[in-house]
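# What follows is a predicted structure for the sequence shown.
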Amino acid sequence: MGSKGYTNILTVDKSQLPHSNIILVLVGLLLRWLTGLHSYSGQGSPPMFGDFEAQRHWMEVTLNLPVDTWYFNTTENNLLYWGLDYPPLTAYHSLLCGYIAKLLVPDSVQLFTSHGHESYEHKYFMRLCVFLSDLLIYIPALLCFFSLENSTCLVQGKASKVLFLSQTFVYSVAFLYPGLILIDHGHFQFNCISLGLFVWACLHMSENNHILTCVLFCLSLNYKQMELYHALPFFFYYLGCLYKTQSIPLLLKLGTSVVATFTVLWLPFLNMSQLKQIIHRIFPLYRGLFEDKVANFWCSANVLYKFKTQFTNDQMAFICLCVTLVAILPSCVALFRSPTFTKFQLSLINVSLGFFLFSFHVHEKSILLVAIPVLLYLPKDPFPVVWFLLISTFSMFDLYVKDQLVMPSLVLMVLFYISIHHFVTQFCSGHYLLWFSFLISMFGCIVLMSFSLFLLPPLRYQHLFSLFISSYSFAHFVLFFVYFYSKQFELNFKLKHIKTT
């Protein structure tokens with residue numbers, strides 16, 4: 001799975017013209033828009049519809065109701081109908097979109113009467129909201145992040161064989177990654193905002209802009225609470241920096257930035273009843289261990305042992321917390337002891353994947369919170385990264401089927417593979433076991449997708465193929481977890497060896 005025997009050397013190729021990269025960004029934008037022409041989550045499926053309706057309803061609620069009622073169940077705000085369950089920044093964004101919708105498609109945000117609104121104009125408006133969010137936040141973040149690592153080559157010491165990673169390849173992987181396109185522009189969500197802010201935070205951390213790092217990550221966390229997947233690496237990185245430097249000015253910068261950002265965002269909700277209600281809404285223990293089939297430990301192991309029936313939700317939440325902490329704390333401690341940016345990146349991968357595999361109430365879409373940190377690691381270890389991105393996209397295939405997004409999902413996956421095929425074949429040249437393993441992995445994905453599309457499951461096991469897909473993906477994610485953990489501790493060992501010599 002890895003690039004054993006290769007040493008990473010960073011070079012900058014200033015002769016490379018940007019035209020092909022601009023074309024790749026435009027192609028990525030075109031694919032996003034074309035994906036948006038297809039159906040979305042819950043289209044034509046009353047009474048609850050889906051995530052598309054949830055986002056529309058939040059615009060309706062924030063636009064028409066007082067701020068102190070947004071998170072409370074009232075006669076005008078039925079929390080059982082897609083009640084707001086994200087932090088305040090999502091609510092403010094919904095309010096902004098609601099004001100614009102009132103000007104362009106007013107029927108879509110009328111209180112009560114707009115429930116289930118599905119006009120063509122409204123679909124166009126909603127798709128445009130996501131498209132512009134992606135264009136203004138996520139895509140510029142990726143462009144700036146990867147511009148720091150403009151051109152990379154990997155040198156194999158023994159054979160003196162050079163494998164170039166062009167900026168074109170990096171941009172192809174970054175902007176054609178199907179997972180985020182299908183979820184945001186197909187299924188319909190705004191992950192591009194929280195993940196874009198997260199990428200901006202990582203960029204500024206790499207440049208030691210501590211205040212901007214804290215502000216941007218706090219914004220990301222206050223847009224989607226699932227950014228907690230990334231919070232511990234940020235915390236332990238800066239804790240390690242403070243421990244090593246004993247810098248009071250740095251502590252003041254970090255503390256002031258975090259407190260000020262949270263205070264501004266939570267200002268309308270700074271009373272005990274509001275805080276308790278929002279926390280109750282954004283951490284819904286009542287929803288259970290998992291909903292649909294998801295490629296994590298609990299869903300796969302539930303086939304053998306019925307956790308959902310043997311334990312209460314509170315008990316399972318505690319068990320999940322303990323198992324997750326055991327899985328992620330070694331990575332956090334290693335980062336604390338040696339806080340470098342590369343180790344921070346690996347810790348982001350390991351901690352977020354640990355959360356995905358073992359935490360409570362994980363959605364299949366949460367794999368995006370792992371995929372983006374993995375994507376940022378692309379120039380340092382490209383082959384495992386592209387392999388992971390393919391599996392992460394495949395792991396959500398059941399969701400594409402449910403949302404009638406099979407055709408765009410297959411087209412995007414094929415295009416993505418075509419964009420990386422030359423690199424994969426070059427990288428695996430001479431590594432026959434690695435090439436064989438990759439082919440077997442991809443063949444298994446194709447077989448399971450074919451089963452899901454063309455075969456009927458037994459009547460007694462209606463979710464059999466969904467379970468196969470999630471369990472197959474889970475097996476891959478466990479191997480990736482082991483691999484990236486080994487990379488982090490291998491880096492620890494190398495740093496210790498350098499210091500002792």
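Looks like it came in fine.

# Regarding the protein, what is its longest helix?
In the chain, taking DSSP state H as the definition, the longest helix is helix 464-500.

# close enough to count as contact, R56 and Q110?
No: R56 lies out of contact with Q110 (C-beta atoms under 8 Å); the separation is 11.1 Å. (Glycine included, C-beta is placed from N, CA and C.)

# who has more neighbours, those two?
R56 (29 against 14; other C-beta atoms under 10 Å).

# Can you give me every residue that contacts the more buried one?
By C-beta atoms under 8 Å, 6 or more residues apart in numbering, R56 lies in contact with 108-109, 114, 117, 122, 126.

# filter those residues to the buried ones?
108-109, 114, 117, 122, 126 (16 or more other C-beta atoms under 10 Å).

# Low-confidence regions, the stretch 401-501 of the chain specifically.
492-501 (pLDDT under 70).

# count of residues packed around the nearest residue in space to Y286 that is not next to it in sequence?
Of all residues not flanking Y286 in the chain, N313 sits nearest, at 6.4 Å (C-beta to C-beta, 6 or more residues apart in numbering). N313 has 16 neighbouring residues, counting by other C-beta under 10 Å.

# Surely N313 touches L285?
Yes: checked against C-beta under 8 Å, the pair N313 and L285 is within contact range at 5.2 Å.

# What's the per-residue pLDDT of S220 here?
S220 carries a pLDDT value of 98.

# Please list all residues in contact with it.
By C-beta under 8 Å, 6+ apart, the neighbours of S220 are 194-195, 197-198, 201, 227, 230.

# let's see 6 Å
194, 197-198, 227 (C-beta atoms under 6 Å, 6 or more residues apart in numbering).

# cool, F427 as well?
With C-beta under 6 Å, 6+ apart, F427 has these contacts: F383.

# Quick check: K244 vs F336, distance?
Going from K244 to F336 by C-beta to C-beta, to the nearest Å gives 10 Å.

# which of those two has more neighbours?
F336 (21 against 12).

# give the contact list for V386.
Applying C-beta under 6 Å, 6+ apart, the residues near V386 are 173, 420.

# Go again with 8 Å.
173, 378, 420, 423-424.

# and what of F358?
296-298, 320, 323-324, 327 are the contacts of F358 under C-beta under 8 Å, 6+ apart.

# could you redo the last one with a cut-off of 10 Å?
Contacts of F358 were listed using C-beta atoms under 10 Å, 6 or more residues apart in numbering, and they are 296-298, 319-328, 481.

# In PyMOL, how would I select just the buried ones from those residues?
Under the burial definition 16+ other C-beta under 10 Å, those of those that qualify are selected in PyMOL by:
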select buried, resi 296+297+298+319+320+323+324+327+328+481
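
# which stretches of the stretch 201-350 of the chain form strands?
Taking DSSP state E, counting those that start in this stretch, the stretch 201-350 of the chain contains no strands at all.

# before we move on, the earlier item: how far does the longest helix of the chain sit from the chain's center?
Helix 464-500 sits 17 Å away from the centroid of its parent chain (C-alpha atoms, centre = their mean, to the nearest Å).

# got the buried residues for it?
464-474, 476-481, 483-485, 487-488, 491-492.

# That one packs against which elements?
When contacts are defined as 3 or more C-beta pairs under 10 Å, 6 or more residues apart in numbering; DSSP states H and E, helix 464-500 packs onto helix 297-301, helix 313-337, helix 341-358, helix 368-376, helix 382-394, helix 397-402, helix 432-454.

# okay, and for the protein, where does confidence drop off?
Ranges of the chain meeting pLDDT under 70: 1-18, 149-165, 492-501.

# ok, 50 please
For the chain, residues meeting the criterion pLDDT under 50 lie at 3-17, 151-162, 501.

# List of residues touching stretch 41-52?
With C-beta under 10 Å, 6+ apart, stretch 41-52 has contacts from 39-40, 53-57, 80-82, 115-118, 122-123, 126-127, 183, 186-190, 365, 399, 402-405.

# Can I get it in PDB, CA atoms only?
The C-alpha coordinates for stretch 41-52 follow below in PDB (Å, rounded to 0.1, in the frame of the first residue of the first chain):
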ATOM      1  CA  SER A  41     -31.400  13.700  -1.400                       C
ATOM      2  CA  GLY A  42     -35.100  13.100  -0.900                       C
ATOM      3  CA  GLN A  43     -36.300  14.500  -4.200                       C
ATOM      4  CA  GLY A  44     -40.000  13.600  -4.700                       C
ATOM      5  CA  SER A  45     -40.000  11.600  -1.400                       C
ATOM      6  CA  PRO A  46     -42.600  13.100   1.000                       C
ATOM      7  CA  PRO A  47     -43.200  13.600   3.900                       C
ATOM      8  CA  MET A  48     -39.700  14.200   5.100                       C
ATOM      9  CA  PHE A  49     -37.900  14.400   1.700                       C
ATOM     10  CA  GLY A  50     -34.100  14.600   2.600                       C
ATOM     11  CA  ASP A  51     -31.000  16.700   3.200                       C
ATOM     12  CA  PHE A  52     -32.000  19.100   0.400                       C
END
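
# Having no further points to raise, I will conclude here.
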